[in-house]
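1. next come a sequence and a model predicted from it.
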Amino acid sequence: MKTLPTNEKELAKYFDHTYLKADATDKEMKKLCDEARAMGSAMVAINTAWVVPCKQWLEGTDVHVGAAISFPLGQSGLQSKLFECERAIQDGSDEIDYVIHIGKAKMHDWAYIEDEMRQMTALCHQYDVPCKVIFENCYLTKDEIKTLSEIAKKVRPDYIKTSTGFGPTSATVEDVALMKSVVGDDVKVKAAGGIRDWKTCRAMIEAGASRIGTSASLTILEQFKEEANQ
């Protein structure tokens, strides 16, 4: 079992504080960055159009700007993903989360998936930027999740990630444990999607998650604090 954070500062460093809605405006995105700055989260998870302003709003902090690539469907094609990824990095992204071609995974075209993962990971690492690979587990069987994790263990992106949060179901503790059991210490696991309270967050960390993607970071921190004070 993974060691749990012992204080609010440690817990905040698990969070990729997230706002990925289609109707985002300056108001919401500035608020996201202000919250991330105040709590000291690991990252803000945003769509690529917001990289430049979020980078400016977070200047002088150690909060990373994380761009979501081919989000949330993963269906834009490899060359488009590579272009969007490199552009986001040039604009100031410190981390990248990209969605795999889920259809190729369902067709078991594992050669395509591995090539996509290798090229996206290599591009990120060329710029010393962490790469997170989003599986979108709600569409996958356990065997498909296992195979994707085995590919990741070979390719070595920095993280594999459960979900976009836009699929029909959320991340599960069972899937986090499965992914971690395959990749071990070679690749980290990020849990995202439907994590809105400390109880769920704690279970994900205990199952092996090293990052938590959530828009409910402040609520989770408050519940963590309340539990610690009981």
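-> Yep, that arrived. Numbering: from 1, shown residues only.
2. could you measure Glu206 against Val173, distance?
-> As for Glu206, its distance to Val173 is 8 Å (criterion: CB to CB, to the nearest Å). The C-beta positions use only the backbone N, C-alpha and C, and glycine is treated the same way.
3. these two: which has the busier surroundings?
-> A direct count of neighbours by other CB atoms under 10 Å for Glu206 and Val173 places Val173 higher, at 18 against 15.
4. so the more buried one makes contact with Cys201?
-> No - between Val173 and Cys201 there is no contact under CB atoms under 8 Å: 10.7 Å.
5. other SSEs contacting the lengthiest helix in the chain?
-> Counting residues, the longest helix found in the chain (DSSP state H) is helix 110-126. Here helix 110-126 touches helix 78-91, strand 95-99, helix 102-106, strand 131-134, helix 142-155, going by 3 or more CB pairs under 8 Å, 6 or more residues apart in numbering; DSSP states H and E.
6. at 6 Å instead, please
-> helix 78-91, helix 102-106, strand 131-134, helix 142-155 (3 or more CB pairs under 6 Å, 6 or more residues apart in numbering; DSSP states H and E).
7. what does the second one contact?
-> Same thing as helix 102-106. If you take CB atoms under 6 Å, 6 or more residues apart in numbering as the criterion, helix 102-106 is touched by 74, 112-113, 136, 139, 144.
8. so which of those is the most crowded?
-> So for the contacts of helix 102-106 (other CB under 10 Å), the most neighbours sit at Ile113, 24 neighbours.
9. centre of the chain to the edge, which residue is at the far end?
-> For the chain, the residue at maximal distance from the C-alpha centroid (CA atoms, centre = their mean) is Gln230, at 31.3 Å.
10. related to what we said a few turns ago, tabulate the helices and strands packed on helix 110-126 (JSON lines), appending mean pLDDT.
-> Listed next are the helices and strands packed on helix 110-126 as JSON lines, based on pLDDT from 0 to 100:
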{"stretch": "helix 78-91", "mean pLDDT": "98"}
{"stretch": "helix 102-106", "mean pLDDT": "98"}
{"stretch": "strand 131-134", "mean pLDDT": "99"}
{"stretch": "helix 142-155", "mean pLDDT": "98"}
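11. just say which of these is most tucked in.
-> For the helices and strands packed on helix 110-126, average neighbour numbers computed from mean count of other CB atoms under 10 Å are highest in strand 131-134, which has a mean of 26.
12. any idea how far it is from the chain center?
-> Its chain's C-alpha centre lies 7 Å from the corresponding centre of strand 131-134 when counted by CA atoms, centre = their mean, to the nearest Å.
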